[in-house]
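K.L.:
predicted structure and sequence below. I'll ask about it afterward.
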Amino acid sequence: MALSSTTGNMSSKVVIKRLVESVNENGYPVKEWQDIFSAPCWCYWINASGAEVNQYDSVDLKENATITMRYTNKVSVRDRVWMYGDEFDDEHAFEIINVNNAKNQRRFLELKVRRVVEA
């Protein structure tokens, strides 16, 4: 768990998207994932391991991670995260399960994420 970081540690890029509902040219409702930011976000990505994995396995979660990024108020648990370069589909998406304003200082944002798995 990294409640703070430095710019040098932020060596991973992610894309964060939000599901937006609209109406297409034929009048039918459509849902699509739209970028929240105009460019990928640099972050510090830590895969869950050890006791944290055992805790997640007890509730049958898969591929969990913690992301530390610069603070923003634009990210919420409604959004999804993709590693930069991955395909933007449900198979590669990570669901945000917790958003934490690290130490309430508005410097860093910690996201707990898990791979979205359809049963």
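P.N.:
Happy to help now that I have it.
K.L.:
pLDDT-wise, which helix or strand of the chain ranks last?
P.N.:
helix 51-57 (a mean of 51; mean pLDDT, DSSP states H and E).
K.L.:
quick check: next helix or strand after that helix?
P.N.:
Using DSSP states H and E, the helix or strand that directly follows helix 51-57 along the chain is strand 64-70.
K.L.:
now do that next one: distance to the chain's middle.
P.N.:
Computed by Cα atoms, centre = their mean, to the nearest Å, the separation of strand 64-70 from the middle of its chain amounts to 7 Å.
K.L.:
can you dump the C-alpha atoms of the longest strand seen in the chain in PDB for me?
P.N.:
The single longest strand within the chain, with elements called by DSSP state E, is strand 12-23. Extracted in PDB, the C-alpha atoms of strand 12-23 (Å, rounded to 0.1, in the frame of the first residue of the first chain):
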ATOM      1  CA  SER A  12       2.900   3.000 -15.200                       C
ATOM      2  CA  LYS A  13       0.300   4.600 -17.500                       C
ATOM      3  CA  VAL A  14      -3.500   4.000 -17.100                       C
ATOM      4  CA  VAL A  15      -6.600   5.200 -19.000                       C
ATOM      5  CA  ILE A  16      -9.600   5.900 -16.800                       C
ATOM      6  CA  LYS A  17     -13.100   5.900 -18.500                       C
ATOM      7  CA  ARG A  18     -16.600   6.500 -17.400                       C
ATOM      8  CA  LEU A  19     -19.800   4.900 -18.800                       C
ATOM      9  CA  VAL A  20     -21.900   7.500 -20.600                       C
ATOM     10  CA  GLU A  21     -25.400   7.000 -21.800                       C
ATOM     11  CA  SER A  22     -26.600   8.800 -24.900                       C
ATOM     12  CA  VAL A  23     -29.000   8.400 -27.800                       C
END
